[in-house]
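Asks: predicted model, plus sequence, below.
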Amino acid sequence: MKIAVTSQNRKTVTEHAGACRKFWIFTVKDNQILTTQLLELPKEQSFRESDPHAEHPLDDIDVLITAGMGRGLPQRLKKKGIQALLTDISDPVEAVNQMLQVS
């Protein structure tokens, strides 16, 4: 499973998922984090700027965790088979671990 976490400042889970260009990508297996890498996108590949029907670098994730997003983004992600989740946890690793405990 691949989980993306919005982190525009590279440190915490941030809001404005549509405008975010920096994401921590977690690869998870058997509820354990295997790898973590930072994905940095150019402005034109932010969700806000990109075509919702075009291929996107985050198309292969299963879950997007963020501190905030507009109403349209969850529907856009759902059409690509991606679950969108809101969190109030600021640490990206803790947010992923919390999601894994709940699921």
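Replies: All right, it came through fine. Keep in mind it's a predicted model, so treat the numbers as computed, not measured.
Asks: next, count neighbours for residue 20.
Replies: Neighbour count of residue 20, defined by other C-beta atoms under 10 Å: 23. Bear in mind the C-beta positions are built from the backbone N, C-alpha and C, glycine included.
Asks: quick one: contacts for it?
Replies: Contact partners of residue 20, counting by C-beta atoms under 8 Å, 6 or more residues apart in numbering, are 6, 7, 8, 14, 46, 47, 66.
Asks: nearest to residue 34, of those?
Replies: Closest approach to residue 34 among those (C-beta to C-beta): residue 7, at 18.5 Å.
Asks: any idea how far residue 53 is from the closest one?
Replies: From residue 7 over to residue 53 the distance is 26 Å, taken as C-beta to C-beta, to the nearest Å.
Asks: of these two, who's got more company?
Replies: Taking neighbours as other C-beta under 10 Å, residue 7 and residue 53 compare with residue 7 leading, 22 against 9.
Asks: now do the strands in the chain.
Replies: Ranges of strands in the chain, per DSSP state E, are 2-6, 22-29, 32-40, 63-66, 83-86.
Asks: next, format those strands as a markdown table and append mean pLDDT.
Replies: Shown next, in a markdown table, are the strands of the chain (pLDDT from 0 to 100):
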| stretch | mean pLDDT |
| --- | --- |
| strand 2-6 | 99 |
| strand 22-29 | 99 |
| strand 32-40 | 98 |
| strand 63-66 | 99 |
| strand 83-86 | 98 |
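Asks: now the longest helix belonging to the chain: mean pLDDT?
Replies: Secondary structure of the chain read by DSSP state H shows that its longest helix is helix 92-102. The average of the pLDDT scores along helix 92-102 is 97.
Asks: number of residues surrounding residue 88?
Replies: When neighbours are counted by other C-beta under 10 Å, residue 88 comes out with 9.
Asks: whoops, I mixed them up, residue 32
Replies: Neighbour tally, residue 32, other C-beta under 10 Å: 9.
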